[in-house]
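In: Following is a predicted model, sequence given first.
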Amino acid sequence: MKILIVEDEVLYSDVLVEACKRHGDHEIKTAGDLAKVDTVLQNFSPDLVISDNDLPDGRGPSRFDAIRKQNPRVFICLITGGLNETKNHGADYFFRKTDLNISRLHLLLTKVELGREK
């Protein structure tokens with residue numbers, strides 16, 4: 001499965017990458033800002049996007065339409081550190097960073113894999 005992780009906090013991004021690697025043999029790309037997202041999407045069509053809400057140069061959800069246009073079957077998971085944030089902004093899944101642990105991430109990856117098989 002192809003996964004794009006959009007997260008500006010390097011430590012958190014590294015944890016997500018390692019957790020995804022432990023789950024299975026995935027091709028994983030990372031982006032720390034929207035400019036990098038645009039660059040990655042030129043040559044990479046992800047099956048799953050795990051995106052932070054707040055990035056240095058804008059909001060992660062601002063790229064969801066472009067990502068879905070490239071791959072209509074993509075699954076998008078929005079993660080946020082904002083305690084008052086409750087909107088999913090069109091994402092399929094939504095987690096606060098404080099609520100997303102390895103077990104939940106592995107469950108998300110399994111759901112996406114099963115959804116892709118349909």
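Out: All right, it came through fine. Numbers count the residues shown, from 1 in each chain.

In: Show me what the spatially most central residue of the chain is bridged to.
Out: The centroid of the chain falls nearest to Ile50 when counting by CA atoms, centre = their mean (0.8 Å). Beta-bridge partners for Ile50, by DSSP bridges, are Ile5, Cys77.

In: For Lys97, give me its contacts.
Out: Contact partners of Lys97, counting by CB atoms under 8 Å, 6 or more residues apart in numbering, are 12, 79-81. Every C-beta, even on glycine, is put in place using the N, C-alpha and C of the backbone.

In: Tell me the backbone dihedrals of it, please.
Out: With angles defined as degrees, to the nearest 10, Lys97 sits at phi -60, psi -30.

In: and it, what pLDDT?
Out: Note on Lys97: pLDDT of 85.

In: Ok, the one 3 residues further on next?
Out: The predicted structure scores Leu100 at 79 on the pLDDT scale.

In: Verify the stated contact: it with Ile79.
Out: Yes - taking contacts as CB atoms under 8 Å, Leu100 lies within contact range of Ile79: 5.9 Å.

In: Of these two, give the one with the bigger neighbour count.
Out: Ile79 (25 against 21; other CB atoms under 10 Å).
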